[in-house]
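Colleague: Structural data only, the sequence is not supplied:
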């Protein structure tokens, strides 16, 4: 009997051990359900958290307001504005805007190709000041392109202007180098040498301004002088200057310096193959053989592109040099000399030693002069410079036969007009 009870006790103990093991090891489905439930609860808490925070914050603020111990704290919206600075009597200004585009390491000049000038003007009228301080210490600084951020063009105080000054990047040289410290005498100071050392691509607005201000602590104790700022502009890396267009172009510039003609591009190659390598050669052909030049450019250059290129080319100064081409008597018309400038525009006509006005020529004479112009163009490399003074009144654009009803064709060649009249 004792043995039987011992056996029963051991079986019961094993049953209880198995039952505990079953309780300790939940089923796989149970684990999945609990995981899903926990995830849902977590998502609910994530959604409720902002709402609960806002409710708690509002209740705390309401309780503080009702509390007798509430101390009102001023916020940026309700805080009184800082005392305003004295209104500026004078203002610094740049006489002319800087010439664009601007490249790193290149000298910054004004729109006329001269050094930048800072002048002192009346803050109300903008006219140059008469009774100015004997001298002022002025410094030139780089400014964020989008400063001031509210669209104003002037700062209300020197402290506000100082917040717009751009600091150079870590490990870089100062952004503006050269004559950044100026001495203004008689209300004028010249910036002889000035350049940017870094491009503007790393700024959020991707643009700089150039600013000028009276040096803080320089000893000036007169009325407030407002600061000067240029318009915002991009500063490009100096490598881009290799492809820079010139405004205005020069006669000796490569032809790809003109708008719509890319360096080593399709138009550049076509022109080079036709012997047109410089702006001067482009203008010479534009004056004498515009149709041929247009044919060289091909259909790839649209009419709008053609207008942009020729308009840019016409900004080039032809200079004062005059060249003469003389031919002997031909066809019974008599000897003639045509005088042209450096881009083959007709300046003067002499028939048998007598100066003639183009509109007084008969049909045969016009055809003859037109032929001489073509010959002069073909032999332009060997033309002799004439010793005559070129006045503004001698410009080919002032000759009656050059007047055109189309303003975009103000550079119409005299040879074309002569040929047109010779057909009647």
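Modeller: Done, it's in. A quick note: this is a predicted structure, and the numbers were derived from the prediction, not measured.

Colleague: C-alpha from now on. contacts and neighbour counts both.
Modeller: Will do.

Colleague: and residue 271, what element?
Modeller: Here residue 271 sits within helix 266-273, counting by DSSP states H and E.

Colleague: Can you name every helix or strand that that helix contacts?
Modeller: Using 3 or more CA pairs under 8 Å, 6 or more residues apart in numbering; DSSP states H and E, the elements in contact with helix 266-273 are helix 290-297.

Colleague: Check which residues of whichever helix or strand comes after the helix it packs on are buried.
Modeller: Once helix 290-297 ends, the next helix or strand along the chain (criterion: DSSP H and E) is helix 303-314. For helix 303-314, burial by neighbour count (16 or more other CA atoms under 10 Å) applies to 307, 309-314.

Colleague: Compute the number of surrounding residues for the residue lying closest to residue 274 once chain neighbours are set aside.
Modeller: Using CA to CA, 6 or more residues apart in numbering and skipping residues adjacent in sequence, the residue nearest residue 274 is residue 296, 7.6 Å away. Residues contacting residue 296 under the criterion other CA atoms under 10 Å number 16.

Colleague: same thing with residue 182?
Modeller: Residue 182 has 20 neighbours, counted by other CA under 10 Å.

Colleague: Counting by contacts, list what the helix or strand that the helix holding residue 271 is followed by packs against.
Modeller: Using DSSP H and E, the helix or strand that follows helix 266-273 in sequence is helix 279-288. The contact analysis (3+ CA pairs under 8 Å, 6+ apart) places helix 279-288 against helix 290-297, helix 303-314, helix 363-378, helix 414-422.

Colleague: Now the longest one: buried residues?
Modeller: Right, helix 363-378. For helix 363-378, the neighbour count (16+ other CA under 10 Å) marks 364-370, 372-373, 376-377 as buried.

Colleague: Also the shortest one?
Modeller: Neighbour counts over helix 290-297 (16+ other CA under 10 Å) mark 290, 293, 296-297 as buried.

Colleague: Tell me the spacing between residue 203 and residue 140.
Modeller: Per CA to CA, to the nearest Å, residue 203 is found 19 Å from residue 140.

Colleague: Neighbour count: those two, which is higher?
Modeller: Neighbour count, other CA under 10 Å: between residue 203 and residue 140, residue 140 has more, with 23 against 12.

Colleague: Quick one: distance of the host helix or strand of the more buried one to the chain centre.
Modeller: Using DSSP H and E, residue 140 sits in strand 135-144. How far strand 135-144 lies from its chain's middle: 22 Å, per CA atoms, centre = their mean, to the nearest Å.

Colleague: pLDDT of that strand, averaged?
Modeller: The predicted model assigns strand 135-144 a mean pLDDT of 92.

Colleague: ok, then the element right after it?
Modeller: Using DSSP H and E, the helix or strand that follows strand 135-144 in sequence is helix 158-162.

Colleague: For that next one, which outside residues touch it?
Modeller: With contact meaning CA atoms under 8 Å, 6 or more residues apart in numbering, helix 158-162 is reached by 155, 226-227.

Colleague: can you do 7 Å?
Modeller: Outside helix 158-162, the residues that touch it by CA atoms under 7 Å, 6 or more residues apart in numbering are residue 155.

Colleague: Now residue 326. Nearest residue, chain neighbours left out?
Modeller: Leaving aside its chain neighbours, residue 326 sits nearest to residue 337 (4.2 Å; criterion: CA to CA, 6+ apart).

Colleague: which SS class is the one you found?
Modeller: Following DSSP: H, G, I helix; E, B strand; the rest coil, residue 337 is assigned to strand.

Colleague: Buried ones in the helix holding residue 271, by neighbour count?
Modeller: Neighbour counts over helix 266-273 (16+ other CA under 10 Å) mark 267-271 as buried.

Colleague: For those, give me TSV that also has distance to residue 35 and pLDDT.
Modeller: Below are the buried residues of helix 266-273 laid out as TSV (distance: CA to CA, whole Å; pLDDT from 0 to 100):
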residue	distance to residue 35	pLDDT
267	70	93
268	71	93
269	72	93
270	74	94
271	76	95
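
Colleague: and of the residues you listed, the nearest to residue 111?
Modeller: Nearest to residue 111 among the buried residues of helix 266-273, counting by CA to CA, is residue 268 at 27.7 Å.

Colleague: Might one say that the closest one is in contact with residue 258?
Modeller: No - in this structure residue 268 lies outside contact range of residue 258 using CA atoms under 7 Å: 10.0 Å.

Colleague: Give me the below-cutoff pLDDT ranges for the stretch 301-424 of the chain.
Modeller: For the stretch 301-424 of the chain, the stretches with pLDDT under 70 are 328-335, 389-424.

Colleague: Which stretches in the stretch 101-250 of the chain count as strands?
Modeller: 102-103, 116-122, 135-144, 176-178, 181-185, 188-191, 194-196, 208-214, 225-226, 228-229, 235-236 (DSSP state E, counting those that start in this stretch).

Colleague: How far does the first one sit from its chain's centre?
Modeller: What that stands for is strand 102-103. With CA atoms, centre = their mean as the basis, strand 102-103 stands 9 Å off its chain's centre.

Colleague: Contacts for that strand, please.
Modeller: Under the criterion CA under 7 Å, 6+ apart, residues 108, 235-238, 241 lie in contact with strand 102-103.

Colleague: and with 8 Å instead?
Modeller: Strand 102-103 is contacted by residues 108, 196, 199, 234-238, 240-241 when judged by CA under 8 Å, 6+ apart.

Colleague: likewise stretch 256-271?
Modeller: Residues contacting stretch 256-271 (CA under 8 Å, 6+ apart): 243-246, 249, 255, 277, 279, 296-297, 305, 308-309, 312-313.
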